[in-house]
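Q: next one to model:
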Amino acid sequence: MTHVGEHNGHRAADPAAIERDIIRQRAELAHTIELLSHKLDVKHRAEESAHEAAARLRDFATTDDGRPRPDLLAAGAAVVAGVALLLWWRAH
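A: Numbering: from 1, shown residues only. This is a model prediction of the structure:
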(Lines give C-alpha, C1' and ligand atoms only; values in the text may rest on other atoms or scores of the structure.)
Protein backbone atom coordinates (compact mmCIF):
# COMPACT_ATOMS: atom_id res chain seq x y z
CA MET A 1 0.00 0.00 0.00
CA THR A 2 1.25 3.48 -0.84
CA HIS A 3 1.57 5.78 2.11
CA VAL A 4 1.10 9.49 1.99
CA GLY A 5 4.41 11.06 1.00
CA GLU A 6 5.65 7.91 -0.75
CA HIS A 7 5.58 6.81 -4.36
CA ASN A 8 6.92 3.47 -5.64
CA GLY A 9 8.78 2.92 -2.39
CA HIS A 10 10.55 6.29 -2.50
CA ARG A 11 9.86 9.23 -0.29
CA ALA A 12 8.43 12.15 -2.15
CA ALA A 13 10.64 15.24 -2.08
CA ASP A 14 9.33 18.71 -1.71
CA PRO A 15 8.11 20.36 -4.95
CA ALA A 16 10.99 22.85 -5.00
CA ALA A 17 13.55 20.02 -4.90
CA ILE A 18 11.72 18.20 -7.69
CA GLU A 19 11.67 21.35 -9.79
CA ARG A 20 15.43 21.92 -9.21
CA ASP A 21 16.09 18.32 -10.26
CA ILE A 22 14.03 18.75 -13.43
CA ILE A 23 15.88 21.96 -14.30
CA ARG A 24 19.26 20.24 -13.74
CA GLN A 25 18.25 17.25 -15.86
CA ARG A 26 17.01 19.51 -18.66
CA ALA A 27 20.32 21.39 -18.67
CA GLU A 28 22.26 18.10 -18.80
CA LEU A 29 20.07 16.85 -21.65
CA ALA A 30 20.47 20.11 -23.58
CA HIS A 31 24.25 19.87 -23.17
CA THR A 32 24.26 16.25 -24.37
CA ILE A 33 22.13 17.14 -27.40
CA GLU A 34 24.47 20.03 -28.22
CA LEU A 35 27.51 17.73 -28.07
CA LEU A 36 25.83 15.12 -30.27
CA SER A 37 24.70 17.77 -32.75
CA HIS A 38 28.24 19.11 -33.04
CA LYS A 39 29.64 15.61 -33.45
CA LEU A 40 27.17 14.82 -36.24
CA ASP A 41 27.81 18.09 -38.13
CA VAL A 42 30.42 16.63 -40.47
CA LYS A 43 30.59 19.68 -42.76
CA HIS A 44 31.32 22.03 -39.86
CA ARG A 45 33.90 19.66 -38.38
CA ALA A 46 35.64 19.36 -41.78
CA GLU A 47 35.73 23.15 -42.12
CA GLU A 48 37.20 23.51 -38.61
CA SER A 49 39.82 20.89 -39.40
CA ALA A 50 40.75 22.64 -42.67
CA HIS A 51 41.09 26.01 -40.90
CA GLU A 52 43.26 24.47 -38.19
CA ALA A 53 45.50 22.79 -40.80
CA ALA A 54 45.84 26.05 -42.74
CA ALA A 55 46.78 27.89 -39.55
CA ARG A 56 49.42 25.26 -38.69
CA LEU A 57 50.86 25.48 -42.21
CA ARG A 58 50.87 29.28 -42.08
CA ASP A 59 52.66 29.19 -38.72
CA PHE A 60 55.22 26.73 -40.09
CA ALA A 61 55.85 28.56 -43.39
CA THR A 62 56.16 32.10 -42.06
CA THR A 63 58.37 33.96 -39.63
CA ASP A 64 57.00 35.70 -36.54
CA ASP A 65 56.42 38.89 -38.54
CA GLY A 66 54.40 37.04 -41.23
CA ARG A 67 57.03 36.90 -43.96
CA PRO A 68 57.85 33.65 -45.78
CA ARG A 69 60.70 31.69 -44.20
CA PRO A 70 63.91 32.16 -46.26
CA ASP A 71 64.92 28.50 -45.96
CA LEU A 72 61.57 27.39 -47.42
CA LEU A 73 61.85 29.94 -50.23
CA ALA A 74 65.30 28.57 -51.07
CA ALA A 75 63.99 25.00 -51.01
CA GLY A 76 61.11 25.96 -53.29
CA ALA A 77 63.45 27.70 -55.71
CA ALA A 78 65.71 24.62 -55.74
CA VAL A 79 62.75 22.37 -56.58
CA VAL A 80 61.63 24.68 -59.41
CA ALA A 81 65.19 24.85 -60.77
CA GLY A 82 65.52 21.05 -60.56
CA VAL A 83 62.26 20.50 -62.44
CA ALA A 84 63.27 23.07 -65.09
CA LEU A 85 66.68 21.39 -65.48
CA LEU A 86 65.04 17.96 -65.77
CA LEU A 87 62.61 19.21 -68.44
CA TRP A 88 65.43 20.86 -70.36
CA TRP A 89 67.56 17.71 -70.14
CA ARG A 90 64.70 15.48 -71.40
CA ALA A 91 64.00 17.87 -74.31
CA HIS A 92 67.62 17.60 -75.54
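Q: can you name every helix or strand that the helix ranked longest in the chain contacts?
A: Ranked by number of residues, the top helix in the chain under DSSP state H is helix 15-40. Under the contact definition 3 or more CB pairs under 8 Å, 6 or more residues apart in numbering; DSSP states H and E, helix 15-40 sits against helix 42-61. Where you see a C-beta, it was placed from the backbone N, CA and C, and this is true even at glycine.
Q: what inclination does the helix it packs on have with respect to helix 15-40?
A: In terms of direction (axes from the mean of the first three to the mean of the last three CA atoms, to 10 degrees), helix 42-61 departs from helix 15-40 by 70 degrees.
Q: for the next helix-or-strand element following helix 42-61, the distance to its chain's centre please.
A: For helix 42-61, the following helix or strand on the C-terminal side (DSSP states H and E) is helix 70-91. Offset of helix 70-91 from its chain centre (CA atoms, centre = their mean, to the nearest Å): 37 Å.
Q: likewise stretch 32-42?
A: Taking CA atoms, centre = their mean, one finds stretch 32-42 lying 11 Å from the centre of the chain it belongs to.
Q: buried residues, it. List them.
A: By neighbour count on 16 or more other CB atoms under 10 Å, the buried set for stretch 32-42 is empty.
Q: ok, the residue nearest to residue 63 when sequence neighbours are not counted to residue 40 distance?
A: Distances taken as CB to CB, 6 or more residues apart in numbering place residue 69 nearest to residue 63, at 5.8 Å, with adjacent residues excluded. Here residue 69 is placed at a distance of 39 Å from residue 40 (CB to CB, to the nearest Å).
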